[in-house]
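A.B. asks: Sequence first, predicted coordinates after that:
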Amino acid sequence: MKLNIAVLAGDGIGPEVMEQALKVSDAIAKKYNHEITWTPALTGAAAIDAVGEPYPDDTHAICEAADAVLFGAIGHPRFDNDPSAKVRPEQGLLKMRQKLGLFANVRPTFTFPSLIDKSPLKRERIEGTDLIILRELTGGVYFGKRGRLDNGNTAFDTMTYTRAEITRLAKKGFELAMTRSKKLCCVDKANVLESSRLWRETVQAMEKDYPEVEVSYEFVDAVAMRLVQWPKAYDVMITENLFGDILTDEASVISGSMGLMPSASVGEKNKLYEPIHGSYPQAAGKDIANPLAMVLSAAMLFEDFNLTEEAATIRAVVNKSLEEGIVTEDLSENGKAYKTSEVGDWLVKNI
Ligand code: IPM
Ligand code: MN
């Protein structure tokens, strides 16, 4: 297969972990006879420095023209501590999601047998966890009306959803549930929020189209508790943007390290793959960050192009590296930590 992939390495550890994902993907391409063209493009603080904006039009054009986008991380501490900054790297991420129409963010949470004891949660509670949070990504409070009133002394953000936005996300949820255990949980706050009541009403109306799917409705606060108490209760979950943002960070704790979990963001046309971790600026340039979430994001990309064996090969070699202790410092025991690039080299060699 011929694939043209846009590469947005971004900020912080983005470029280093991306390098490993490209090495691994090139090794896969060689092994299975695919031809991948990587087209790099600027984003984040790097793009602000170069052209004054975090998601430039040139970058958008490259993403639109590509078969898919691989994305590293975005964010820089020099903006975090300056609430008055007019242009922020994160705006680039939001603009990109919106302009590429990436309305569904697929964030899996699973455990690695060799890492179960790394999780702060007890083995018996998490062993065998395998869930997917489908987070709505281009609506809600992230994109609703916001502003200041009262001479700047009152601030507001609004959570707005249309039935169409909920329907297209829920449809993906039902379809995903059909390929798995046929269990779908709709996470909302319908006891308080009007937008959540629309979510519930919309999803309830769709149930008849998927008679085999068993749907449950749970409030987000209760889910936040149950997710770490008994994650195996869940399979496919659907939720709005901000709830999904919070729950997916929480869920990542189950696997033992934030540096492990990949994600996919998809729309009608475009597809983007990125680790769920951020730019981790403290580690930038040190060759110490865990590249596995980025590498596993590339595996999700292959999977979505029906290159199932290719994806399985990546996952198998990642598992093998974990079992053999070829890990970066976030996962290392007894002092032996491998560098980001060494983990990448090892994966390539073993493919
Ligand atoms: C994420 C991140 C982003 C979000 C930030 C960086 C804007 O936390 O991808 O989860 O809130 O969506
Ligand atoms: Mn987040």
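C.D. replies: Nice, I can see it. Ligands and ions are numbered 1, 2, ... in the order given.
A.B. asks: and the closest residue to ligand 1 within the stretch 151-300 of the chain, how many neighbours does it have?
C.D. replies: For the stretch 151-300 of the chain, the residue closest to ligand 1 is Asp245, as judged by C-beta to the nearest ligand atom, at 4.5 Å. The way it works is simple: take the backbone N, C-alpha and C, and place the C-beta from them, glycine included. By other C-beta atoms under 10 Å, the residues close to Asp245 number 20.
A.B. asks: what's in contact with the biggest strand by length in the chain?
C.D. replies: In the chain, assigned by DSSP state E, the strand with the most residues is strand 2-10. Strand 2-10 is contacted by residues 15, 18-19, 22, 34-44, 46, 59, 62-63, 65-74, 89, 96, 279, 301, 305 when judged by C-beta atoms under 8 Å, 6 or more residues apart in numbering.
A.B. asks: mind redoing it with 6 Å?
C.D. replies: Contacts with strand 2-10, where a contact means C-beta atoms under 6 Å, 6 or more residues apart in numbering, come from 15, 18, 35-41, 43-44, 62-63, 66-74.
A.B. asks: now do stretch 278-298
C.D. replies: 11-13, 16-17, 20-21, 24-25, 73, 75, 77, 259-262, 273-275, 277, 318, 328-330, 339-341, 343-344.
A.B. asks: What parts of the stretch 101-250 of the chain come near ligand 1?
C.D. replies: Counting by C-beta under 6 Å from any ligand atom, the positions of the stretch 101-250 of the chain adjacent to ligand 1 are Asp245.
A.B. asks: Next, see if stretch 9-29 gets close to ligand 1.
C.D. replies: No - judged by C-beta under 6 Å from any ligand atom, stretch 9-29 stays clear of ligand 1, getting no closer than 10.5 Å.
A.B. asks: Could you do stretch 59-71 as well?
C.D. replies: No - Stretch 59-71 lies out of reach of ligand 1 by C-beta under 6 Å from any ligand atom, never closer than 9.7 Å.
A.B. asks: That stretch: which residues count as buried?
C.D. replies: Thr59, His60, Ile62, Cys63, Ala66, Asp67, Ala68, Val69, Leu70, Phe71 (16 or more other C-beta atoms under 10 Å).
A.B. asks: Please enumerate residues in contact with stretch 24-32?
C.D. replies: Residues from elsewhere that reach stretch 24-32, judged by C-beta under 6 Å, 6+ apart: Ile36, Val295, Ala298, Glu310, Leu347, Val348, Ile351.
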